[in-house]
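Trainee: next comes the sequence, and after it the predicted model I'd like to discuss.
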Amino acid sequence: MKFSVSSSELLKQLQVANGAIGSNPVLPILEDYLFKIENKKLTITATDLETSISTTIEVLSDDDFAVAVPAKILLETLKALPQQPVTFSIDESNNGIEITSSYGKYKLAGEKGEDFPSVPEAESVDTVKISSDYLLEAINKTIFATSNDELRPAMTGVYFQVDFNKLTCVATDAHKLVKISTHQLAGEVATSFIVPKKALNLLKNALPASDTVAISFNKANAFFTFGDVSLVCRLIDARYPDYNAVIPVDNPNQMAVNRADFQNSLKRIAIYANKTTNQVVLDVSDKSLTISAQDLDFSNEATEQMSCTFDGEPLRIAFNAKFLVEMLAALDSEEVKMEFSTPSRAGILTPVEEGDNNREILMLVMPVMLNN
């Protein structure tokens, strides 16, 4: 049994699938790729039993067969080869694999294809479709706000709320929250589910530009399909917190400021903040924003002033600088708006609208109590 393929094309597909291989697999075969050839098409599958990626590439082959190939050694071999055709020969008696390139031969031990765990099939699913650009933006703008707290599993993923032609994605770690909505969804279903962070990171790296992604889902799994790639992940089985309840509605104090200037100022001031709390203080009044921080343990302090537009009563409020910098980095607009009610209630951060009217984005950050 043998097949031939371009080394660079194969490497590209292996790198897409490689992210699904866990660092400490529970079974030795999970360190392998499953190579399955049918009708001159090679399907490469990798899984950690929670998340699976399959990708398909055309090859020259006269047989249909399956074999499990050690991932690490194959990946390193192809990375070290310049682009050229390579031929894989598989010995049916012992699943031994011989790779032939213009430089020589490389032998490695494979395993039986039928021993590789099966990937969930898309059964009893609902399906919606969305542009890869909108999905990629939703992932990029939410994933940093997910929690790493395994005791609150719902918060370790991104909440997908599907409502016919509207998709809302929400992430929170109880300190910050991001909600992004787009009306660019094609579907006839209303439901919600939580997608794990690992699957979304893999998806982010594999998504092509300006393509259509089909998202199918049932009670247990979500299936993302685009081009020759299919990603399957087990959904987080937990109830997502009522995020709308924490978003303050009445925010009489509103500030608009240049996003890049605000972000750079926060980065500089944060150097002087307490390393445990990262607390920076914002003093906002008419046309002026003062950003300050101090670390009493080391007698460090810093203050900067910048112009802003402000509508409301003068306000003094403190935040974790790290959270604010992360949130500002995820926004694209030249100006951002911050809304406040009182120093003890969450601040709301939104872009000052420009560009795409097909989506809305809202970020929320909890204040740090001021040390008076």
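Mentor: Structure's in. What do you need? Residues are numbered from 1 along each chain as shown.

Trainee: look up phi and psi at the residue of the chain positioned farthest from its centre.
Mentor: Relative to the centre of the chain, and counting by Cα atoms, centre = their mean, the farthest-placed residue is Ser93 at 42.2 Å. The phi/psi pair for Ser93 (degrees, to the nearest 10) reads phi -70, psi -30.

Trainee: what do you get for Glu313?
Mentor: Dihedral angles (degrees, to the nearest 10) for Glu313: phi -80, psi 140.

Trainee: same deal with Gly110?
Mentor: Per-residue torsions, Gly110: phi -100, psi -180 (degrees, to the nearest 10).

Trainee: find the nearest non-adjacent residue to it, please.
Mentor: Asn95 (4.1 Å; Cβ to Cβ, 6 or more residues apart in numbering). C-beta here means a position set from N, CA and C on the backbone, and glycine is covered the same way.

Trainee: surely the one you found is in contact with Glu114?
Mentor: No - counting by Cβ atoms under 8 Å, Asn95 sits too far from Glu114 to count as a contact (10.7 Å).

Trainee: neighbour count winner among the two?
Mentor: Shown here are Asn95 and Glu114; by other Cβ atoms under 10 Å, Asn95 has more neighbours (16 against 10).

Trainee: quick one: that one and Phe160, what's the gap?
Mentor: 40 Å (Cβ to Cβ, to the nearest Å).

Trainee: over to Thr100?
Mentor: If you measure Thr100 against Phe160 using Cβ to Cβ, the figure is 46 Å.

Trainee: which of the two has more neighbours?
Mentor: Taking neighbours as other Cβ under 10 Å, Thr100 and Phe160 compare with Phe160 leading, 24 against 15.

Trainee: now do the strands in the stretch 251-372 of the chain.
Mentor: Taking DSSP state E, counting those that start in this stretch as the test, the strands found in the stretch 251-372 of the chain are 253-258, 279-285, 288-295, 300-307, 309-311, 315-320, 335-340, 347-351, 359-365.

Trainee: the last one vs strand 335-340, what angle?
Mentor: Pointing back at strand 359-365 there. Between strand 359-365 and strand 335-340, the angle comes out at 50 degrees (axes from the mean of the first three to the mean of the last three Cα atoms, to 10 degrees).

Trainee: mean pLDDT per element in the protein, and the minimum belongs to which helix or strand?
Mentor: Lowest on mean pLDDT, DSSP states H and E among the helices and strands of the chain sits strand 185-186, with a mean of 92.

Trainee: can you name the next helix or strand after it?
Mentor: Heading C-terminal from strand 185-186, the first helix or strand you meet, by DSSP states H and E, is strand 190-196.

Trainee: then that next one to PDB, C-alphas only?
Mentor: Provided in PDB are the C-alpha atoms of strand 190-196 (Å, rounded to 0.1, in the frame of the first residue of the first chain):
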ATOM      1  CA  ALA A 190     -32.800  29.400  18.300                       C
ATOM      2  CA  THR A 191     -30.600  27.700  20.900                       C
ATOM      3  CA  SER A 192     -27.300  28.100  23.000                       C
ATOM      4  CA  PHE A 193     -24.200  26.100  23.800                       C
ATOM      5  CA  ILE A 194     -20.700  26.600  25.300                       C
ATOM      6  CA  VAL A 195     -17.700  25.900  23.200                       C
ATOM      7  CA  PRO A 196     -14.400  25.100  25.000                       C
END
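
Trainee: show me what it is packed up against.
Mentor: Helices and strands touching strand 190-196, by 3 or more Cβ pairs under 8 Å, 6 or more residues apart in numbering; DSSP states H and E, are strand 157-163, strand 229-234.

Trainee: TSV for those strands, including distance to Asn205 and mean pLDDT?
Mentor: Putting these into TSV (distance: least, Cβ to Cβ, whole Å; pLDDT from 0 to 100) gives the following:
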stretch	distance to Asn205	mean pLDDT
strand 157-163	16	97
strand 229-234	10	96
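
Trainee: out of the ones you listed, which comes closest to Thr87?
Mentor: Minimum separation from Thr87 across these (Cβ to Cβ) falls at strand 229-234, 24.8 Å.

Trainee: mind listing what's buried along the closest one?
Mentor: Val229, Ser230, Leu231, Val232, Cys233, Arg234 (16 or more other Cβ atoms under 10 Å).

Trainee: specify which member of these is nearest to Arg316.
Mentor: Cys233 (44.3 Å).

Trainee: from what I see, Leu324 and Asn278 are in contact.
Mentor: No - checked against Cβ under 8 Å, the pair Leu324 and Asn278 is beyond contact range at 9.1 Å.
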